[in-house]
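Colleague: Next input, structure requested:
(4 chains)
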Number of protein chains: 2
Amino acid sequence: MSDQPRIDVGLNAVIVAVTDERPRVLTLRGPDPADPEGRAADLLPYGPLDPGGDRTLELTLRGWVRNQARLELGYVEQLYTFGDRGRLKGQPLEGERLGAEPSGAWPRETRPPEAQPPEGEPRTLSVAYLALARERASRTPAGVHWQEVYAYLPWEDGRKGRPELFDRFLVPRLETWIRSAGSRRERDERRDRAAVGFGLFGSDWDGDRVLERYELLYGAGLVPEAGRDRGITSDAGDLVPGRPMGADHRRMLATALGRIRGKIRYRPVVFELVPPHFTLLQLQRVVEALSGVRLHKQNFRRLVERGGLVEGTGDYESDTGGRPAELFRFRREVLRERRAPGVGLPGA
Amino acid sequence: MSDQPRIDVGLNAVIVAVTDERPRVLTLRGPDPADPEGRAADLLPYGPLDPGGDRTLELTLRGWVRNQARLELGYVEQLYTFGDRGRLKGQPLEGERLGAEPSGAWPRETRPPEAQPPEGEPRTLSVAYLALARERASRTPAGVHWQEVYAYLPWEDGRKGRPELFDRFLVPRLETWIRSAGSRRERDERRDRAAVGFGLFGSDWDGDRVLERYELLYGAGLVPEAGRDRGITSDAGDLVPGRPMGADHRRMLATALGRIRGKIRYRPVVFELVPPHFTLLQLQRVVEALSGVRLHKQNFRRLVERGGLVEGTGDYESDTGGRPAELFRFRREVLRERRAPGVGLPGA
DNA sequence: CCTAATATGCTCAATTTGAGTATAAGTGAG
DNA sequence: CTCACTTATACTCAAATTGAGCATATTAGG
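Modeller: Coordinates of the predicted model:
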């Protein structure tokens, strides 16, 4: 119908690898589209969609990742399409829920913005993809880096127990945020969201709710992006540790990590991230790195071995620091045998 | 970069309800965009994205569903963005994999189309949403219908045991398709896909693989859409029973059903589809309707009751045909207590 | 009062988990 | 060469979950 402002469509890639037991994501430095002054920020690889280009979006994505990062992608899946207006320049209102809600949502009473967000400017739609790669298969060009995922989302790494920053930063800040709610109803709602999201006040920690946590922190003004999008200079002391990203890319990263954590349980995606031959401990470390929790070694072995996910090669790896470990490979036939072959984390 | 052809963006809604123990989807009759002659077909509600319109895509969607179908949506979640070129007019080549792959994909060697699909025509991106509704909350306007989901995907309903059409149509047709592969490698691959998808040759049936099954049938030329998109008039005798839809809307429906089936297991989405008060058998019937399998009554009750998902109201429903059944309601607190509250189907 | 239909309570064995204990097979220091 | 230490791998055991079925309760209708 309307034809005036036009719509720009781009593709983003969250490319994840695990090296040295650390999940990493491919980023590049560039001017932050959401920053009024265009200061440099970490960004996810991005490319415009050429309407006359490749036949599928996925091919387009593979193509420019190949060019831009000299990287051949293996597993790729579509993550989410981000398309809220003002998402790159916008000003979410206090108390209003953010737009992108990959996990599904019930309606909320949304107060109409008092000043309508800028019309006339082009609307940008970003189709974000998740890709899994074996890192360092390639040398990254200048400006392209494999950054640690948990540098951006430090509260997600619970492998050494609940991170210290929970008690030092998160919980006090969240409590302040809860208390500062306008009404009793809103306070209860904030309390619930914080409890469910961060496993506080008696709720269990649910590793998959990565996006929920990021959005909560954003909504509470505890990440720099929130201040940036509202045109406020935040007091650094009020911010939760964690490296920001440009535009809404940290939201995309959170979406990706949540997706991986969910999927690892019922699809054999881990094997995209380990070399073709691996010891069971190596495999376990990768799963732990992604899920952010430590696992019981013997049970992990039982699960993965008796579940038919792997098979021994007969070869052994000897520089383990102890008894040599057998090398295993992914057993592809499991796809035919079991309905949902994954590695089953605790609480599944 | 390129600016010539331009990109059109639209929103599609797969609106699902369950009435009389049958899952239904809201459709309307209209000219099929993929049919060269524009013949009428069943279509999902669709609306263009107005770049200057609502702040979020979801609000836009809710808005025109309200107008077009006089329906107020409850739960809404983004499904997938379909954006392959030629998807509404196109001609996937024999043996080539379809573009949209919500479940994630490894690269495939794709033979480049011999005749490049038509350039210059606008590329259409459709962001598809899943919405759950309590049917008949509204009177549908003319041309809008609640159709049975299993009219479009009859092979998905296994509540009365494996549907008869498996042996009468599907298996023989699939076997022909497998045999007609060009190479041994391709034959094995087809066989595997059929086995995993439809639970043949010793594999288990996996209810969630709805999209995989539809795409397999499409690729095998067993649904009318395949012939339509290739410009071939198919022999009706070679087609699997099941009502077609216009454009790629049946693919969207399949994506939606798969998503619901997956999600019902770890999120309390069923409660969106039943009235606020319900008997446990009613609830069970809805779960069965969506998942396409029968469940053990006593175990279902145990799961849902002792899992804290529901609580009795003290009221009773008496026209059950037997002993009156207690009415239950959804226990919202479960969200705070359990990590993944769903109804757990067999084989979870 | 008897029969059919549905609801609801309870049992029981088979599996699956969570958490250890025990033993094997390497390394490097002394 | 032996000991201390490290990692790998094999087993055990109790608790929890699941799949399947039996038994009893409560209604309606002849």
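
Colleague: number of nearby residues for A:Asn299?
Modeller: The number of residues packed near A:Asn299 is 11, by other C-beta atoms under 10 Å in any protein chain shown. All C-beta spots, glycine's among them, are computed from the backbone N, C-alpha and C.

Colleague: repeat for A:Glu333
Modeller: With neighbours defined by other C-beta under 10 Å, the count for A:Glu333 comes to 11.

Colleague: who touches it in this structure?
Modeller: A:Glu333 makes contact with A:Gly308, according to C-beta atoms under 8 Å, 6 or more residues apart in numbering or on different chains.

Colleague: can you do 10 Å?
Modeller: Neighbour list for A:Glu333: A:308, A:311, B:192 [criterion: C-beta atoms under 10 Å, 6 or more residues apart in numbering or on different chains].

Colleague: secondary structure element for A:Gly321?
Modeller: Of the helices and strands defined by DSSP states H and E, none includes A:Gly321.

Colleague: Which pLDDT value does the model give it?
Modeller: On the pLDDT scale, A:Gly321 is placed at 82.

Colleague: quick check, the strand or helix carrying A:Val9 touching chain B?
Modeller: The secondary structure element spanning A:Val9 is strand A:7-19 (assigned by DSSP H and E). Yes. Between strand A:7-19 and chain B, judged by C-beta under 10 Å from any C-beta of the partner chain, the touching residues are A:7-9, A:11.

Colleague: Same check on stretch A:146-166?
Modeller: No. Residues of stretch A:146-166 are not located near chain B by C-beta under 10 Å from any C-beta, the shortest gap being 13.8 Å.

Colleague: sorry, back to before: ok, the contacts of A:Glu333 vs B:Glu156, which is closest?
Modeller: Proximity to B:Glu156 was ranked across those by C-beta to C-beta; first place goes to B:Asp192, at 20.5 Å.

Colleague: Which residue is the nearest non-sequential neighbour of A:Asp204?
Modeller: Taking C-beta to C-beta, 6 or more residues apart in numbering or on different chains as the measure, A:Asp204 lies nearest to B:Arg339, with 4.9 Å between them; neighbours along the chain are not counted.

Colleague: Spit out the contact partners of the residue nearest to A:Thr124 when sequence neighbours are not counted.
Modeller: The spatially closest residue to A:Thr124, leaving aside those adjacent along the chain, is A:Asp8, at 4.8 Å (C-beta to C-beta, 6+ apart). Under the criterion of C-beta under 10 Å, 6+ apart, the contact list for A:Asp8 reads A:48-49, A:122-126, B:7, B:9, B:51.

Colleague: And for A:Arg285?
Modeller: When contacts are counted by C-beta under 10 Å, 6+ apart, A:Arg285 touches A:18, A:20-22, A:159, A:274, A:278-279, A:294-295.

Colleague: Poorly predicted segments of chain A, please.
Modeller: Along chain A, the model assigns pLDDT under 70 to residues A:1-5, A:86-121, A:136-138, A:344-348.

Colleague: Format the residues of strand A:7-19 next to chain B as CSV; extra columns: distance to B:Gly207.
Modeller: As requested, the residues of strand A:7-19 next to chain B are arranged in CSV below (distance: C-beta to C-beta, whole Å):
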residue, distance to B:Gly207
A:Ile7, 37
A:Asp8, 39
A:Val9, 34
A:Leu11, 31
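
Colleague: need the helices for chain A, in chain order.
Modeller: With DSSP state H applied, chain A shows helices at A:57-69, A:149-152, A:165, A:171-179, A:184-198, A:210-219, A:224-230, A:249-263, A:280-291, A:297-306, A:334-337, listed in chain order.

Colleague: Give me whichever of these is most buried.
Modeller: For those, the largest average neighbour count (mean count of other C-beta atoms under 10 Å in any protein chain shown) is found in helix A:249-263, namely a mean of 24.

Colleague: and chain A, which of its residues are near DNA strand D?
Modeller: Among all residues of chain A, those adjacent to DNA strand D (criterion: C-beta under 7 Å from any atom of the strand) are A:279-281, A:297-298, A:301-302, A:316, A:320-326.

Colleague: Those: which two are farthest apart?
Modeller: Greatest spacing in the residues of chain A next to DNA strand D, by C-beta to C-beta: A:Arg302 and A:Gly321 (22.7 Å).

Colleague: just so I know, which of the helices of chain A lies nearest B:Met245?
Modeller: helix A:57-69 (21.7 Å).

Colleague: Just the C-alpha atoms of the closest one, please, in CSV.
Modeller: The C-alpha atoms that make up helix A:57-69 are tabulated as CSV, following Å, rounded to 0.1, in the frame of the first residue of the first chain:
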residue,chain,number,x,y,z
LEU,A,57,18.4,-15.7,1.9
GLU,A,58,20.7,-18.3,3.3
LEU,A,59,22.8,-18.4,0.1
THR,A,60,23.1,-14.6,0.3
LEU,A,61,24.3,-14.9,3.8
ARG,A,62,26.8,-17.6,3.1
GLY,A,63,28.1,-15.5,0.2
TRP,A,64,29.0,-12.4,2.0
VAL,A,65,30.2,-14.1,5.1
ARG,A,66,32.6,-15.8,2.7
ASN,A,67,33.7,-12.5,1.3
GLN,A,68,33.6,-10.4,4.4
ALA,A,69,35.2,-12.8,6.9
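
Colleague: if I pick A:Ser234, what's in contact with it?
Modeller: Counting by C-beta under 10 Å, 6+ apart, A:Ser234 touches A:221-228.

Colleague: Tell me which two of the residues you listed sit farthest apart.
Modeller: Using C-beta to C-beta, the pair of these lying farthest apart is A:Leu222 and A:Arg228, separated by 12.8 Å.

Colleague: thinking again about what came up before, now a PyMOL select for only the buried ones of the residues of strand A:7-19 next to chain B.
Modeller: Buried residues within those, by 16 or more other C-beta atoms under 10 Å in any protein chain shown, are selected in PyMOL with:
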select buried, chain A and resi 7+9+11
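
Colleague: of the residues of strand A:7-19 next to chain B, closest to A:Thr255?
Modeller: Closest approach between these and A:Thr255, by C-beta to C-beta: A:Leu11, at 14.5 Å.

Colleague: List the single closest residue to A:Trp64 in space, sequence neighbours excluded.
Modeller: Across the structure, with C-beta to C-beta, 6+ apart as the measure, the residue nearest A:Trp64 apart from its sequence neighbours is A:Gly47 (4.0 Å).
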